[in-house]
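Participant: sequence unknown, structure follows:
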């Protein structure tokens, strides 16, 4: 393992375009993941935080924070947490929060008939 904090990462963060690019990517991801955080599935929220915290620390010390492939472990959580936000933006309707019943509920129903069966059941 190479120690990258002093050689690469601090130099990148001191360089204004590199810092702006990194902060813009983090802000864009949070704008998709953050809205409705409390209504999103707890297992996804915990998985996102538990994956991101050690990854960020290890990345700053031993990785290169401007390399996209180092975030591969976080992408599935970002995608699944951003899904309800993107659906809300596309449809203009807020998705209802649902209780998880044996699986992960993203607040999406297959069809109106499936929704009626879920309410009746």
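Facilitator: That came in fine, so what should we check first? What you see is a predicted model, and the numbers here were worked out from it, not measured in a lab.

Participant: flag the shaky bits of the protein, pLDDT-wise.
Facilitator: Applying pLDDT under 70 to the chain flags residues 1, 4, 95-121.

Participant: ranges for the helices of it?
Facilitator: Ranges of helices in the chain, per DSSP state H, are 10-14, 16-33, 42-62, 75-91, 112-120.

Participant: mind checking how far stretch 72-92 is from the chain centre?
Facilitator: Centroid separation for stretch 72-92 versus its chain: 7 Å, with C-alpha atoms, centre = their mean, to the nearest Å.

Participant: quick one: residue 22 and residue 9, what's the gap?
Facilitator: Using C-beta to C-beta, to the nearest Å, residue 22 is found at 10 Å from residue 9. To be clear about C-beta, it is placed using only N, CA and C from the backbone, and glycine gets the same treatment.

Participant: need the overlap of contacts for the two.
Facilitator: residue 65 (C-beta atoms under 8 Å, 6 or more residues apart in numbering).

Participant: looking at the two, which is more packed in?
Facilitator: Using other C-beta atoms under 10 Å as the criterion, residue 22 and residue 9 rank with residue 9 on top: 21 against 15.

Participant: got the contact list for that one?
Facilitator: 60, 63, 64, 65 are the contacts of residue 9 under C-beta under 8 Å, 6+ apart.

Participant: hmm, residue 70 and the second one touching each other?
Facilitator: Yes - contact status for residue 63 versus residue 70: in contact at 4.9 Å, counting by C-beta atoms under 8 Å.

Participant: between these two, which one's more packed in?
Facilitator: Neighbour count, other C-beta under 10 Å: between residue 63 and residue 70, residue 63 has more, with 20 against 16.

Participant: give the contact list for residue 13.
Facilitator: Counting by C-beta under 8 Å, 6+ apart, residue 13 has contacts 19, 22, 65.

Participant: let me know whether residue 48 touches residue 82 as I believe.
Facilitator: No - in this structure, residue 48 is not within contact of residue 82 by C-beta under 8 Å, at 10.5 Å.
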